[in-house]
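Trainee: sequence plus the predicted model coming up.
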Amino acid sequence: MRIALFTDGIYPYVIGGMQKHSFYLAKYFALNKIEVDLYHTAKSSSAIGNFSCFSDDEKKYITSVFVDYPAVGEVPGHYIREMYTYSKAIFEQFEKQKLVDFIYVQGLCGMYLLENKNKTTVPVGINFHGLEMFQQTANLKSKLEQYLFKRPVTSSMQNADIVFSLGGKLSDIIRSRGVANNKIIQIPIGIDETWIRTLPVKTNAKRKFVFVGRYERRKGIEELTQVIKQLLPSNNFTFEFVGDIADDKRIISKNVFYHGSISDVSKIKSILAEADVLVCPSYSEGMPTVILEAMASGLAIIASRVGAVEEEVDATNGLLISPGNKEELKQAINRLIQLPSSDFELLKNNSINKIKNNFLWNKIILKTIDEINKAIDANDY
């Protein structure tokens, strides 16, 4: 089988959840001896070099197709115009390559192809991950920004042969956009088994919380900051942030530490291994990879009830809150500060077990391949 994988970059050359998913798709397709034409971008092709993120055996099955990312200015709607231009450039490269059996599209990377579906007879599957444009927003500005995405995203999903969903509320969103139920394929994201904690879990006497992510309004960092300020005077806990949090957005306290942006996986693993709880209070999400990484590291989770988060987190390994609800967030943090160590360690061990049972790539890729084969067979028929 040969698959064309349309992406807007792969981890670690481009940072983000979708880019990390694209990396693992390519890697595990290759490990299963499936040929992959990997369409990707970055700031420059030289930054990628010889694809050192993949092993020599994996690279035997991966053909790199680098596509320059366009710039159209910073006027409203620029991202959609950029993605349309980029998707057209991908398609132009696609026409020059060997024939493939299936096209796997990440986000808007197939916008041009799906607007011109008659130009190929190859079945197309698309994955929009978070579908944030159809979820709750933090303010009017975010709502207006998301509005621009609704039409192209809906059109792309309706024109695809199958639509991959991460599950939870995301499948409901896809159905609400006029996609037939038999076209929706529900498969979670996953992580590599190297993330699984091998040492016994421990709980810090002084509970350690951590946030990992980019500074975006939808991530709920403003609300989290306000809650931490309220809790600091009367509670014994520490909080660490990993991400590009600006100096004027930071809390000045000996119990709050900011690592800044970190791309080194070993450093992320080290920080998570020493923590007790990951906090993810977003207004909208897909299925955050960072939650899975924290679970595999043996952390309890506090997260908003959005996207496919409920597939990852339940009462056995953490607490779910309403997006944007500071009081619920405050109560959740308080509850885990006060939770006895024995109960806390049960949550942490349950996180690890959920990963082993449901979210490892070596299992997820087999289901993905099976569904792709079904789509190919249906197309041939």
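Mentor: Received the coordinates, thanks.
Trainee: ok, Ser261 - how many residues close by?
Mentor: 11 (other Cβ atoms under 10 Å). (C-beta placed from N, C-alpha, C; glycine too.)
Trainee: how close does the residue nearest to it when sequence neighbours are not counted sit to Leu336?
Mentor: If the residues on either side of it in the chain are set aside, Ser261 comes closest to Asp244, at 4.8 Å by Cβ to Cβ, 6 or more residues apart in numbering. According to Cβ to Cβ, to the nearest Å, Asp244 and Leu336 sit 26 Å apart.
Trainee: between these two, which one's more packed in?
Mentor: Leu336 (23 against 13).
Trainee: per-residue confidence for the more buried one?
Mentor: We have a pLDDT of 96 for Leu336.
Trainee: who does the host helix or strand of it touch, helix- and strand-wise?
Mentor: According to DSSP states H and E, Leu336 maps onto helix 326-338. Helix 326-338 sits against strand 207-212, helix 221-231, strand 277-280, strand 300-304, strand 318-321, with contacts defined as 3 or more Cβ pairs under 8 Å, 6 or more residues apart in numbering; DSSP states H and E.
Trainee: out of the ones you listed, which gets nearest to Lys269?
Mentor: Lys269 lies closest to strand 207-212 among those, at 11.2 Å (Cβ to Cβ).
Trainee: what average pLDDT does the closest one get?
Mentor: pLDDT averaged over strand 207-212 gives 96.
Trainee: now do that strand against helix 221-231, angle only.
Mentor: Using axes from the mean of the first three to the mean of the last three Cα atoms, to 10 degrees, the direction of strand 207-212 lies 160 degrees away from that of helix 221-231.
Trainee: which residues does the worst-scoring helix or strand of the chain on mean pLDDT contact?
Mentor: Ranked by mean pLDDT, DSSP states H and E, the weakest helix or strand in the chain is helix 140-159, scoring a mean of 87. If you take Cβ atoms under 8 Å, 6 or more residues apart in numbering as the criterion, helix 140-159 is touched by 76-77, 80, 84, 105, 108, 110-111, 114-115, 117, 124, 126, 128, 131-134, 137, 163, 174, 177-179, 217-218, 283.
Trainee: at 6 Å what do you get?
Mentor: 77, 111, 114, 117, 126, 128, 133, 137, 163, 177-179, 217 (Cβ atoms under 6 Å, 6 or more residues apart in numbering).
Trainee: what do you get for stretch 90-99?
Mentor: 6, 37, 39, 65, 67, 112-113.
Trainee: in helices only, show me these.
Mentor: If you go by DSSP state H, these have 112-113 in helices.
Trainee: nearest residue to Arg214 in space, please, no chain neighbours.
Mentor: The shortest distance from Arg214 to any residue other than its chain neighbours is 5.7 Å, reached at Gly243 (Cβ to Cβ, 6+ apart).
Trainee: hang on, isn't the one you found packed against Gly213?
Mentor: Yes - using Cβ atoms under 6 Å, Gly243 makes contact with Gly213 at a distance of 5.1 Å.
Trainee: neighbour count winner among the two?
Mentor: Taking neighbours as other Cβ under 10 Å, Gly243 and Gly213 compare with Gly213 leading, 21 against 18.
Trainee: show me what contacts that one?
Mentor: When contacts are counted by Cβ under 6 Å, 6+ apart, Gly213 touches 219, 243.
Trainee: hmm, 8 Å instead?
Mentor: 219, 221, 242-243, 280, 288, 290.
Trainee: ok, and the most crowded of the contacts of helix 140-159?
Mentor: Phe128 (28 neighbours).
Trainee: hey, where'd the strands end up in the stretch 51-200 of the chain?
Mentor: Using DSSP state E, counting those that start in this stretch, the strands found in the stretch 51-200 of the chain span residues 62-66, 102-106, 124-127, 162-165, 184-186.
Trainee: where does Asp244 sit: helix, strand or coil?
Mentor: coil (DSSP: H, G, I helix; E, B strand; the rest coil).
Trainee: coming back round to it: could the strands of the stretch 51-200 of the chain go into JSON lines alongside mean pLDDT and distance to Asp380?
Mentor: As requested, the strands of the stretch 51-200 of the chain are exported to JSON lines (pLDDT from 0 to 100; distance: least, Cβ to Cβ, whole Å):
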{"stretch": "strand 62-66", "mean pLDDT": "95", "distance to Asp380": "24"}
{"stretch": "strand 102-106", "mean pLDDT": "98", "distance to Asp380": "11"}
{"stretch": "strand 124-127", "mean pLDDT": "98", "distance to Asp380": "15"}
{"stretch": "strand 162-165", "mean pLDDT": "98", "distance to Asp380": "15"}
{"stretch": "strand 184-186", "mean pLDDT": "97", "distance to Asp380": "18"}
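Trainee: turn those strands into CSV, including distance to Ser55.
Mentor: Output for those, formatted as CSV (distance: least, Cβ to Cβ, whole Å):
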stretch, distance to Ser55
strand 62-66, 10
strand 102-106, 21
strand 124-127, 24
strand 162-165, 26
strand 184-186, 28
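Trainee: the ones you listed: which one's closest to Leu231?
Mentor: Using Cβ to Cβ, the strands of the stretch 51-200 of the chain put strand 162-165 closest to Leu231, at 36.1 Å.
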